[in-house]
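Enquirer: based on what follows, work out the 3D shape:
(chains A, B and C)
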Amino acid sequence: MRPPETAYLYDEPGPRTRRRIRIASVVSLVVLAGALALMLRQFASRGQLDADRWSPFLSWPIWEYLLVGLRGTLLAAAVVAVLGGALGVLLALGRLSPLRPLRWLCTAFIEVFRTLPVLLLIYLMLFGLPAYGINLPVLWKLVVPLTVANSAAIAEIVRAGVLSLPRGQTEAGYSLGMRRLQVMRAVVLPQALRAVTPSLVVQLVSLLKDTSLGYVVAFTELLYRAQVLSAYNRLLVQTFLVVTLVYLVVNGSLSALASRLKRRTTKTAAPVAAAVPAQPGAPAVEAPRA
Amino acid sequence: MSALVDNLPALLAGLGTTLFVLVTSAVGALVLGTLVVVARVSPVPVLRAAAFGYVQVLVNVPLLALLLLAVFALPDAGLIAPLVTTAIVVLTVYEAAYVAEALRSGINTVPKGQVEAARALGFTLSQTLRMVVVPQAARAVVQPLGNVLIALLMNTALTATVGVVELTSATNKVNLVQAEPITIFGAAGLVYMALALVIGLGAGRIEKKVAIRR
Amino acid sequence: MSRTLRRRTTLAASLALVASLGLGACGSSDSGSSAVPPSGGGGGEDSLQSVYDAAPVADAAALLSDSTMAAIKERGVLRVGAALDAPLLSQQDPANPDDIQGFDIDLAKMLAIYIIGEPNIEVVPPASETREALLQNGTVDVVFNTYTITEERAQQISFAGPYFVSGLAVAVPADEDSISGIDDLGGKTVIVGANTPAVTAVPEQQPTAEVVSFATDPQCVQALTQGRGDAYVQDYTLLAADAQANSGIKVVGQPFTEEAYGIGLPPNDPDFKQFVNDWLEQIYADGSWAEIFDATLGTVGDGSTPEPPTIGSVPGS
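Expert: All right, here's what the predicted structure looks like:
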């Protein structure tokens, strides 16, 4: 296993420390394995590990059923990502704008929708919109609340990215005779977005998880299909574990992408920041979650 | 408006449950998250791997899937606890991963050079952490932790889907009888926003207190 | 608000159903660990083919121009709000997702034939709290979803029918012998479906009972078998079907309320409502309603078929 990123916290271990680390490793391994064994025994004692409770998940129709749900999950996530991303960038720019009314409006929007539970938002839209005669297809009833909530979160990420840029960048733009919007578009945003790409991918994971609320609006997504499936086959433990695994694989690959991007950005950014090893002062651009 | 006043006891009871779930799982998540991050930065590879795996699993799976798994599936394996308890445990376990990530990013804001300087002075690991890393990381960590708590507040609403009668669930029930969605959900929304504001302001206050004067 | 609606006119049909379902519901007692239960529809599809073939089709004149039914025929598919997880009423076979069977869904197919000429339906599963919204915003044309007719709901949407009458009843774990009906539920923990009539009916009958609600019927059944409550109060038909599919629970006692199911329709569309009611009259009269009942809900009874309820006999319909 490669050395931990926090290896600088301690000295190169000497022989005694190495022995202690080995002992600690063995002890924690035993404890973890013991816990796992206990859990498996608990599952086995209720027959949850029996082959006939798992074999249905080897059949194609079951997977087809779940994968159609996954397609819905991915579709909804993609639409929310595109719309929420665009809206989020606009909101971030609005919040950074020198125009006071615009700044106020965008700040209010962001702060309100960053702090409302998405479920409440979905209920509100579901019961509120029909009263005004607005008729949306099922997909949009999920996508609109999620877009609103996620655009607020994305706006904050983008804003953090913009603020993390050295002021000299903007000033250099102005001194070249560029106007505010030009500076934003040509100088600030490209760099800011690249800096926060890992956080944006993390947000993508978060919004993909949010699509599991689709069952409330009767949208065919993965978790909804899992519920119908488990109601039919009554293999609850198995169905939900399998679906959890599917989410883990899909989101895990996205998260892995995020950390690869993060490593790459820090690597390419390194020459610029060479004079100052590591960049501690930068504001945390960890994604606030919805 | 009378829809709200008439149903105040039910809504307040729901708010009470929301606050109870929020506070207990927040405390639990802070404790568990700290343990996870300690394991994550420890020199023991097994613990590091376990902590890494823990965070990866919980950050990548929807809370709703975990709630359904814990409330409806695990009892089939003989693992059953009262509803609210189950919900609190799931929220604790889920948010602990985010607490751990927030704490870890805080540790990462402390310049390497400072740690190396401490080591050069002969500080032990616990001395380095206690006297150099934690005091500096604390400031960077307050705001992210505040955000985790706000997310936790919003996530307590999801427990409504597994039968916990908290604020969102109570709101929904009142709306079923009163059929005034805009008023009723709007009021609940204001309450959530007010709570988030309290958490945010609290975090800001603490942040000022622990600010390092350079 | 008052939700105690007593409707003498349809009581006979209700009792006939109770008699027919009562015995079959609490029978089978195999281990409960069978991995895949038998499909809910009980092979109804084949036996119903002849019913579909002979199903009534509306006259062209009945499809008034610019009407909802004309729009449905134009579209070629009837969009139905219906469950996917209700055994004997509307259950999807995950191994074959196009295969949805049960009393509600088969009637929906009959309505599709009546309008379009083909049993073309598109099922939109509602969470029970969103049915009014689905109808109001036009996501679905009709709702067949054990949708109890109430005057409150009738202010938001319209109901055709009733097409079936049942009532709330009590289910308990199969090994529970001390509860034999609603009267034994004082001080007990009672599971109900979120936003079902039981939410208000249980406290009315048993103020000391503690009510816990879950979102879906399968979740409620699961909660009951796992001991999260002492009893589960739900519509009798649903409970009977649940008990047939799950040997871990049984239905006890008689229904203690009367629930009339209606076909949920968009609000303020009297032509469409009249049209659907005309169709109901036809399938009542030609016996196809009874045949569908026999093939679905009737499979858990003793073979007797109730009389269909009188259309418009319930406040709100």
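
Enquirer: now do the strands in the chain.
Expert: By default, I'm working from chain A. Using DSSP state E, no strands are assigned anywhere in chain A.

Enquirer: can you look at chain C instead?
Expert: C:78-81, C:85-86, C:90-93, C:96-101, C:121-124, C:142-143, C:158-166, C:168-173, C:189-193, C:210-214, C:231-235, C:249-252, C:259-265.

Enquirer: got the contact list for C:Q92?
Expert: Neighbour list for C:Q92: A:228, A:232, C:84-85, C:99-100, C:123 [criterion: Cβ atoms under 8 Å, 6 or more residues apart in numbering or on different chains]. The way it works is simple: take the backbone N, C-alpha and C, and place the C-beta from them, glycine included.

Enquirer: of those, which are in range of chain B?
Expert: When contact is defined as Cβ under 8 Å from any Cβ of the partner chain, the contacts of C:Q92 do not meet chain B at all.

Enquirer: greatest separation within those: which pair is it?
Expert: A:Y232 and C:V123 (14.7 Å; Cβ to Cβ).

Enquirer: low-confidence ranges in chain A?
Expert: Where chain A drops to pLDDT under 70, the residues are A:1-7, A:127-135, A:265-290.

Enquirer: which residue does it bring closest to chain C?
Expert: Nearest residue of chain A to chain C: A:A231, at 3.5 Å (Cβ to the nearest Cβ).

Enquirer: which non-adjacent residue is nearest that residue?
Expert: Closest residue to A:A231 apart from its sequence neighbours, by Cβ to Cβ, 6 or more residues apart in numbering or on different chains: C:P218 at 3.5 Å.

Enquirer: turn the strands of chain C into CSV, columns for mean pLDDT.
Expert: CSV is the format used below for these (pLDDT from 0 to 100):
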stretch, mean pLDDT
strand C:78-81, 92
strand C:85-86, 82
strand C:90-93, 86
strand C:96-101, 84
strand C:121-124, 89
strand C:142-143, 94
strand C:158-166, 90
strand C:168-173, 93
strand C:189-193, 92
strand C:210-214, 87
strand C:231-235, 93
strand C:249-252, 90
strand C:259-265, 91
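
Enquirer: could you dump these to JSON lines with distance to C:R131?
Expert: Listed next are the strands of chain C as JSON lines, based on distance: least, Cβ to Cβ, whole Å:
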{"stretch": "strand C:78-81", "distance to C:R131": "6"}
{"stretch": "strand C:85-86", "distance to C:R131": "14"}
{"stretch": "strand C:90-93", "distance to C:R131": "13"}
{"stretch": "strand C:96-101", "distance to C:R131": "17"}
{"stretch": "strand C:121-124", "distance to C:R131": "10"}
{"stretch": "strand C:142-143", "distance to C:R131": "5"}
{"stretch": "strand C:158-166", "distance to C:R131": "11"}
{"stretch": "strand C:168-173", "distance to C:R131": "18"}
{"stretch": "strand C:189-193", "distance to C:R131": "13"}
{"stretch": "strand C:210-214", "distance to C:R131": "16"}
{"stretch": "strand C:231-235", "distance to C:R131": "15"}
{"stretch": "strand C:249-252", "distance to C:R131": "25"}
{"stretch": "strand C:259-265", "distance to C:R131": "6"}
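
Enquirer: near chain C, which residues of chain A?
Expert: A:47, A:52-53, A:56, A:59, A:61-62, A:65, A:68, A:126-127, A:129-130, A:134-138, A:215-218, A:224-225, A:227-236.

Enquirer: to the chain's geometric centre, what's the distance from stretch C:225-239?
Expert: 16 Å (Cα atoms, centre = their mean, to the nearest Å).

Enquirer: what about that stretch and chain B, touching?
Expert: Yes - against chain B, stretch C:225-239 shows contacts by Cβ under 8 Å from any Cβ at C:226-228.

Enquirer: relative to its centre, which residue of chain C is most distant?
Expert: C:S65 (31.4 Å; Cα atoms, centre = their mean).

Enquirer: quick one, grab the pLDDT at that one.
Expert: Per-residue confidence at C:S65 stands at 79 (pLDDT).

Enquirer: tell me how far it lies from chain A.
Expert: According to Cβ to the nearest Cβ, to the nearest Å, C:S65 and chain A sit 22 Å apart.

Enquirer: for B:G189, same thing?
Expert: 5 Å.

Enquirer: thinking that residue is in contact with A:L119, fair?
Expert: No - counting by Cβ atoms under 8 Å, B:G189 does not reach A:L119; the two are 11.1 Å apart.

Enquirer: for B:V134, what are its contacts?
Expert: Contacts of B:V134 by Cβ under 8 Å, 6+ apart: none found.

Enquirer: how close does it sit to chain C?
Expert: 43 Å.

Enquirer: do the same with B:A65
Expert: Taking Cβ to the nearest Cβ, one finds B:A65 at 14 Å from chain C.

Enquirer: so which elements touch the helix or strand that residue falls within?
Expert: Per DSSP states H and E, B:A65 falls inside helix B:63-68. Applying 3 or more Cβ pairs under 8 Å, 6 or more residues apart in numbering or on different chains; DSSP states H and E, one finds that helix B:63-68 makes contact with helix A:222-233, helix A:236-269, helix B:83-108.

Enquirer: which one of those is the most hemmed in?
Expert: Across the helices and strands packed on helix B:63-68, averaging neighbours per residue (mean count of other Cβ atoms under 10 Å in any protein chain shown) puts helix A:222-233 on top, at a mean of 25.

Enquirer: for it, the distance to its chain's centre please.
Expert: The answer for helix A:222-233 is 24 Å, by Cα atoms, centre = their mean.

Enquirer: run through who's touching it.
Expert: A:56, A:62, A:65-66, A:68-70, A:72-73, A:212, A:214-215, A:236, A:239-240, A:242-243, A:246-247, B:62, B:64-65, B:68, B:72-73, C:35-37, C:84-85, C:91-94, C:125, C:216-218.

Enquirer: now the buried members of the residues you listed.
Expert: Neighbour counting by 16 or more other Cβ atoms under 10 Å in any protein chain shown classes A:56, A:62, A:65-66, A:69-70, A:72-73, A:212, A:214-215, A:236, A:239-240, A:242-243, A:246-247, B:62, B:64-65, B:68, B:72-73, C:35, C:84-85, C:91-94, C:125, C:216-218 among the contacts of helix A:222-233 as buried.

Enquirer: thought C:K73 was touching C:I113?
Expert: No - counting by Cβ under 8 Å, C:I113 is not a contact partner of C:K73; they are 11.3 Å apart.

Enquirer: give me the more crowded residue out of these two.
Expert: Neighbours of C:K73 and C:I113, each counted by other Cβ atoms under 10 Å in any protein chain shown, are more numerous for C:I113; the result is 23 against 18.

Enquirer: so the closest residue to that one other than its chain neighbours versus chain A, what's the distance?
Expert: The spatially closest residue to C:I113, leaving aside those adjacent along the chain, is C:A55, at 4.4 Å (Cβ to Cβ, 6+ apart). According to Cβ to the nearest Cβ, C:A55 and chain A sit 27 Å apart.

Enquirer: same thing with C:N145?
Expert: C:N145 is 11 Å from chain A, where distance means Cβ to the nearest Cβ.

Enquirer: now the end-to-end length of stretch B:122-131.
Expert: 13 Å (Cα to Cα, to the nearest Å).

Enquirer: for B:A70, which non-adjacent residue is closest in space?
Expert: B:A70 sits nearest to B:V90 (Cβ to Cβ, 6+ apart), 4.9 Å away.
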